[in-house]
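K.L.:
The sequence and its predicted three-dimensional model are supplied below.
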Amino acid sequence: MNRHTDEARYAQVVAEKLSPAEFPRSATYEAKWVLENLMGPNALWLAESLAERLDLKPGMRVLDMGCGKAVSSIFLAKEFGAEVWATDLWVPAAENLVRIRDAGVERSVYPVHAEAHSLPFAGGFFDALISLDAYHYFGTDDLYLGNYFAPLVRSGGQIGIVVPGLRADFEGDPPPHLAPKWREHWDFWSFHSPEWWRRHWNKTGLVAVEAAELVPDGWRHWLSWDEASLELGYVSGEFEEFVAEWIDVMRTDSGRNLGFTRMVARRLDT
């Protein structure tokens, strides 16, 4: 379906697949804006899900690490009154500034172009650190939390992530319906269970884990988002083929393995 040809069908897909009751804050944002700025799963849904476990207050300084096109940063500023440093490597800060200005939050969202191992912030500067659909690209490293991330948040501040995850880590090869994707895309080995992430952070002694769990029905929301973005014409080329294949994988899996891992911890005094 072409996104410009059938307004009635467009509205139906949005109503059926992009308006889950679990995310009432996200539902107030125009679906077209969210779709046009997609870089994977729905960033607003992930942000709203994580916010359920965070103690966000107006004026808090928040690092949004791997923010993509800054839609999650805009969401946190609008919904919770946070000051957000929208930090990403793949999207230039100048491009994100345009979106931030258009959203009317340029006085509370600050775009930053930086790599995860070279963040230009003072230690203890932030009240909270978050990362949505990005932390697994760098944070599985045993050294990352302690050397690069946790030092940026004040003592007692929260660190929260939502990443593609598994109900339980594989013992050996993935199940047959997942194995071809894991062979084709090695980055899928960065998908881990909540318990894996709990151990990974707890062993540092730097944080106290407050939540380590799968996002409720996360796989269903992931599937609905991909189905809608494909049907409405917001993915193309090689990515279109990948999304179509991934939809089949998720349908076959039906939540037996795949989902989103949600982790929240609080920095300890050190």
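P.N.:
Yep, it's here.

K.L.:
Model confidence score at Ser193, please.
P.N.:
The per-residue pLDDT reported for Ser193 equals 98.

K.L.:
what's it in contact with, if anything?
P.N.:
Ser193 sits next to 165-169, 261 when contact means Cβ atoms under 8 Å, 6 or more residues apart in numbering. Every residue, glycine included, has its C-beta placed from N, CA and C.

K.L.:
how close does it get to Val207?
P.N.:
For Ser193, the distance to Val207 equals 18 Å [Cβ to Cβ, to the nearest Å].

K.L.:
for Val14, same thing?
P.N.:
Following Cβ to Cβ, the distance that separates Val14 from Val207 is 39 Å.

K.L.:
Among those two, which residue is more densely surrounded?
P.N.:
Legend: neighbour count by other Cβ atoms under 10 Å for Val14 and Val207, higher for Val207 (23 against 18).

K.L.:
Now do the same contact list for the closest residue in space to that one that isn't next to it in sequence.
P.N.:
If the residues on either side of it in the chain are set aside, Val207 comes closest to Ala265, at 3.8 Å by Cβ to Cβ, 6 or more residues apart in numbering. Contact analysis of Ala265 by Cβ under 8 Å, 6+ apart lists 158-160, 201, 207-210.

K.L.:
I'd like to know which of those are buried.
P.N.:
Among these, those scoring as buried are 158-160, 201, 207, 209 (criterion: 16 or more other Cβ atoms under 10 Å).

K.L.:
Just give me the closest of those residues to Ser49.
P.N.:
Gly160 (9.9 Å; Cβ to Cβ).

K.L.:
then whatever helix or strand that closest one lives in to CSV, C-alphas only?
P.N.:
Using DSSP states H and E, Gly160 maps to strand 153-166. This file holds the C-alpha atoms of strand 153-166, laid out as CSV (Å, rounded to 0.1, in the frame of the first residue of the first chain):
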residue,chain,number,x,y,z
VAL,A,153,24.7,10.0,36.6
ARG,A,154,24.7,11.4,40.1
SER,A,155,24.6,9.1,43.1
GLY,A,156,21.1,7.9,43.6
GLY,A,157,20.2,8.7,40.0
GLN,A,158,18.5,6.1,37.7
ILE,A,159,19.7,4.3,34.7
GLY,A,160,17.1,2.8,32.4
ILE,A,161,17.2,0.9,29.1
VAL,A,162,14.8,-0.9,26.8
VAL,A,163,16.5,-3.3,24.3
PRO,A,164,15.4,-6.1,22.0
GLY,A,165,15.6,-9.2,24.3
LEU,A,166,14.8,-12.8,25.0
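
K.L.:
State the mean pLDDT of it.
P.N.:
pLDDT averaged over strand 153-166 gives 98.

K.L.:
Kindly report the same for stretch 71-80.
P.N.:
Averaged over stretch 71-80, pLDDT sits at 98.

K.L.:
just the buried ones among the contacts of Ala265 now: which is nearest Phe23?
P.N.:
Checking those against Phe23 by Cβ to Cβ gives Gly160 as the nearest, at 16.3 Å.

K.L.:
And the closest one, how close does it get to Thr28?
P.N.:
22 Å.

K.L.:
Who are the contact partners of Ile74?
P.N.:
The contact partners of Ile74, taken as Cβ under 8 Å, 6+ apart, are 86, 99-100, 103, 105, 109.

K.L.:
which one of these is nearest Lys181?
P.N.:
Set against Lys181, the nearest of the contacts of Ile74 by Cβ to Cβ is Ala86 (30.4 Å).

K.L.:
Show me the strands in the chain, by range?
P.N.:
If DSSP state E is used as the criterion, the strands of the chain fall at 61-65, 83-88, 109-113, 126-132, 153-166, 207-214, 258-267.

K.L.:
gap between the first one and the chain center?
P.N.:
Spelled out, it's strand 61-65. Taking Cα atoms, centre = their mean, to the nearest Å, one finds the center of strand 61-65 at 13 Å from the center of the full chain.

K.L.:
Return the list of strands paired to that strand, each annotated with direction.
P.N.:
Here strand 61-65 has these sheet partners by DSSP bridges: strand 83-88 (parallel), strand 126-132 (parallel).

K.L.:
Would you mind confirming that Ala86 is in contact with Pro111?
P.N.:
Yes. Between Ala86 and Pro111 there is a contact at 5.0 Å, judged by Cβ atoms under 8 Å.
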